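[1] Following is a predicted model, sequence given first.
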Amino acid sequence: MIKKNNFFKIVIFFLIYILLSAHSPWGQYLAYREQHLLIMSTREDLPTYPYSKILVEVLEEVLPEASARPARARTFKRVQSLFSTNQMPLVLLSKKNAIALINGEGPFNQYGSADAEVVYFFDDLILLAQPEFPNRFSWLLTEAIIKAGPKLPGATSPLENEKIIKIHPGTLMFLNNEQIPELN
Amino acid sequence: MLKRVIYIFVFTVLYSFTATADTTDQTWMTKVELTKTGMHCADDRNCFNRYHPNIPMAANANPGDFIILHTRDALDTEFRLDSTKDDLATVDLGLVHPMTGPVYINGAKRGDAIEVELIDIAPDEYGYTVIAPGFGFLRDVFPDPYIVNWRLTRVGAVSDGMPGVTVPYEAFPGSIGVLPGEPEIKKWKAREADLIGAGGVALGPSPGGAKPSAVCGQTGTHKDDCLRTIPPRENGGNMDVQQQQIGTKIIFPCFIDGCGLFVGDVHYAQGDGEVSGTAIEMGSVVTVRVRIKYGKGRGMDMPVTIGNDQIIDMEPTRYYQTLGIPLKGKGEIPPSHAYLDSGKLANLTNVSEDLTVSARHALLQMIDYLVKEHGLTKEQAYILCSVAVDLRVGQVVDVPNFIVSAVLNMDVFDKYRN
């Protein structure tokens, strides 16, 4: 279990991070997005929502202080707008759609590209983070995923996968046995 | 042979006469119709979601024309019958509220008023009610998302998420109004900025998701002056007044030439208070007719509604009523009062002459009643209050305890109806 103190800090930092980076103007609504680590999925990429629920369930167990919740967008268009504007800094997509999001092609070609980095692989699914997602959070999230072990089917380190997408620096730091970084 | 030909001819003529004698052939209305294009407001030239006088008119209409407006739901969402609370977190609040219009009313000038008669509202087949995190009257009590999906007909709204309940059809436009002029933009923006400065709940102009983007978007010509649609103001807008039913007339002051009439955010049904923050939200087709009242806009503070028996038709035939007085817990500060930063308030358990705290008291009792006596969950009870419970002022004289009551139309329960 990750130290509770660390996660109390995470929640505080995440709060500040979202407040600073949020694009949505409806301040009151942000309360929910401030209080929970939201894992975005989409109806248009079928396996993503069921797996996001597994991921959330595991994170609730391993990392309860993160208060993770699934967040399902109906369309790729909404995924692109929420992710690219930092309203939702984490998204789970299948490999081909993850690449399409980064390149602004395929289902995303009408909406533009979005910078994204890998946190972890789950067979054909990839958990992507906004490049601005703090290294500290990514480090802790990676630690939690690895601790969950077989509870997350198909979880494989980005170091063991083909280097199709840049690895998030926080994840890389954890995988390289580096110390948990300060909030960047 | 000739006889036979004549018979066939006569028969054919008579038959064709009966075929064209249908009443559908008789028309007399002059119609101006604003339809929807694309999935969202962003794809639709008849849709906008901010207020500014430079927003281009989508259509022109003469007084007396039947103006038919195809409207979108309040959140411009992609919800559907199988939506869950997990879908709620991905709502883009920059898109609130998509309005259909604006319509230039020929002959109307700044300083005039227009009387808008609500002729008809045709509902979509689907509607939703949500608890939006951080929003709503009891946002401190209900911090998590929740959704009820409704199947709609003009007989009633039913939902798998609210078994045993049928909400009667009492549709009205949650938002209806006219565009502000330059002086109004300046004045309203300034007063809301003052409120934001004091810690109040108000939103400044926010170009993210704004439509039309050329005027109000990130690179729009007036992005810092396009007002959000959330608060009702002197131009009407998001009034959420359920008595503005079909058959009533709403009079608006005109702030620009042509007035710029719009409609959106139509509600299938709503309780007075709309306490969870949403009613039964739906897209619809709204028909209105407009009359100009020349020079009558100058003396108006706010829009007014004129009705006949619509208000009586909405009354419940049986009801349960809870009563609230301004009581609260020691140390508790309701979210509505937080910006006052009052230490005095925190220590009191009885507040003086405060309708908001009274309303909260009445509503919390109603939720308890629905949970204990009708087996609803707390979230279902809160949602039902939002769509079928009316908060009403009892009295504002018996100091310090002004009364607000919460009135539940018991006919929403199937067990009490045929």
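    Nice, thanks for sending it over. Numbering: from 1, shown residues only, chains lettered A, B, ... in the order given.
[2] now for the helix or strand where B:Val130 lies, which elements pack on it?
    Applying DSSP states H and E as the criterion places B:Val130 in strand B:126-131. Counting contacts by 3 or more Cβ pairs under 8 Å, 6 or more residues apart in numbering or on different chains; DSSP states H and E, strand B:126-131 packs against strand B:146-152, helix B:378-388. C-betas here are computed from N, CA, C, even on glycine.
[3] And the residue sitting nearest the centre point of chain B, what's its pLDDT?
    The centre of chain B sits closest to B:Gly174, judged by Cα atoms, centre = their mean, with a distance of 1.1 Å. Per-residue pLDDT puts B:Gly174 at 98.
[4] Give me the sheet partners of the helix or strand that contains it and which way each runs.
    If you go by DSSP H and E, B:Gly174 is part of strand B:172-178. According to DSSP bridges, strand B:172-178 forms sheet pairs with strand B:236-237 (antiparallel), strand B:259-267 (antiparallel).
[5] First-to-last residue distance for stretch B:224-239?
    24 Å (Cα to Cα, to the nearest Å).
[6] Now do the same for A:Ser113: helix, strand or coil?
    When classified by DSSP: H, G, I helix; E, B strand; the rest coil, A:Ser113 comes out as coil.
[7] so how far is chain B from it?
    Using Cβ to the nearest Cβ, to the nearest Å, A:Ser113 is found at 17 Å from chain B.
[8] residues in contact with that residue?
    With contacts defined as Cβ atoms under 8 Å, 6 or more residues apart in numbering or on different chains, A:Ser113 is in contact with A:101-105.
[9] Are any of the residues you listed buried, and if so which?
    A:101-102 (16 or more other Cβ atoms under 10 Å in any protein chain shown).
[10] Kindly indicate which of the contacts of A:Ser113 lies nearest chain B.
    A:Leu101 (15.1 Å; Cβ to the nearest Cβ).
[11] what ranges do the helices span in the chain?
    Reading this off chain A. Under the criterion DSSP state H, chain A contains helices at A:4-21, A:30-35, A:48-62, A:76-84, A:95-103, A:135-148, A:169-175.
[12] Can you look at chain B instead?
    With DSSP H as the criterion, chain B has helices at B:2-20, B:85-88, B:182-197, B:213-216, B:310-313, B:343-347, B:355-374, B:378-388.
[13] Select, out of the ones you listed, the one closest to B:Ile230.
    Closest to B:Ile230 of those is helix B:182-197 (Cβ to Cβ; 10.3 Å).
[14] I would like the residues contacting the closest one, please.
    With Cβ under 8 Å, 6+ apart as the test, helix B:182-197 has contacts from B:51-53, B:180, B:202-205, B:225, B:227, B:231, B:233-235, B:255.
[15] Most neighbours of all those residues, which one?
    B:Tyr51 (28 neighbours; other Cβ atoms under 10 Å in any protein chain shown).
[16] Now do the contacts for the residue nearest to it when sequence neighbours are not counted.
    The spatially closest residue to B:Tyr51, leaving aside those adjacent along the chain, is B:Leu227, at 4.4 Å (Cβ to Cβ, 6 or more residues apart in numbering or on different chains). For B:Leu227, the contact set (Cβ under 8 Å, 6+ apart) comprises B:50-52, B:180, B:185, B:188-189, B:192, B:205, B:233.
[17] show me the contacts for A:Ile67.
    Not Ile; residue A:67 is Ser. Taking Cβ under 8 Å, 6+ apart, we find A:Ser67 in contact with A:11, A:35-37, A:60.
[18] again, only this time at 6 Å
    A:His36 (Cβ atoms under 6 Å, 6 or more residues apart in numbering or on different chains).
[19] What distance do you get for it to chain B?
    Counting by Cβ to the nearest Cβ, the gap from A:Ser67 to chain B is 10 Å.
[20] Which residue, neighbours along the chain excluded, lies closest to B:His374?
    Closest to B:His374 by Cβ to Cβ, 6+ apart is B:Phe413, at 7.0 Å.
[21] ok, and the helix or strand in chain B with the lowest average confidence?
    Using mean pLDDT, DSSP states H and E, helix B:2-20 stands out as the lowest-scoring helix or strand of chain B, at a mean of 59.
[22] Could you tell me which residues of chain B lie near chain A?
    Counting by Cβ under 6 Å from any Cβ of the partner chain, chain B comes close to chain A at B:78, B:86-87, B:89-90, B:93-94, B:133-135, B:203, B:206, B:208.
[23] list the buried ones in the strand holding B:Val130?
    Quick answer for strand B:126-131 (16+ other Cβ under 10 Å): B:126-131.
[24] where does chain A dip in pLDDT?
    Scanning chain A with the threshold set as pLDDT under 70 gives A:1-34, A:184.
[25] Number of residues surrounding the residue in the stretch 201-350 of chain B positioned nearest to chain A?
    Here the stretch 201-350 of chain B gets closest to chain A at one residue, B:Ser206, 3.1 Å apart by Cβ to the nearest Cβ. Counted by other Cβ under 10 Å, the residues lying close to B:Ser206 total 21.
[26] Next up, phi/psi of it, please.
    Main-chain dihedrals, B:Ser206, degrees, to the nearest 10: phi -140, psi 110.
[27] for the residue nearest the centre of chain A, what are its contacts?
    Note on chain A: the residue nearest the mean C-alpha position is A:Leu90, at 2.8 Å, using Cα atoms, centre = their mean. For A:Leu90, the contact set (Cβ under 6 Å, 6+ apart) comprises A:39, A:129.
[28] same deal with the one 4 residues further on?
    With contact taken as Cβ under 6 Å, 6+ apart, A:Ser94 is in contact with A:45, A:124-125.
[29] which of the helices of chain B sits most buried?
    helix B:378-388 (a mean of 25; mean count of other Cβ atoms under 10 Å in any protein chain shown).
[30] contacting residues around it?
    Outside helix B:378-388, the residues that touch it by Cβ under 6 Å, 6+ apart are B:129, B:142, B:146, B:148, B:162, B:167, B:269-271, B:274-276, B:279-280, B:366-367, B:370-371, B:409, B:412.
[31] Convert it to CSV, retaining C-alpha atoms only.
    Taking Å, rounded to 0.1, in the frame of the first residue of the first chain, the C-alpha atoms of helix B:378-388 are listed here in CSV:
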residue,chain,number,x,y,z
LYS,B,378,-31.8,9.4,-1.6
GLU,B,379,-30.7,10.1,-5.1
GLN,B,380,-34.0,9.1,-6.7
ALA,B,381,-35.8,11.2,-4.1
TYR,B,382,-33.7,14.2,-4.9
ILE,B,383,-34.3,13.7,-8.6
LEU,B,384,-38.1,13.3,-8.1
CYS,B,385,-38.1,16.5,-6.1
SER,B,386,-36.4,18.2,-9.0
VAL,B,387,-39.1,17.2,-11.4
ALA,B,388,-42.3,17.0,-9.3
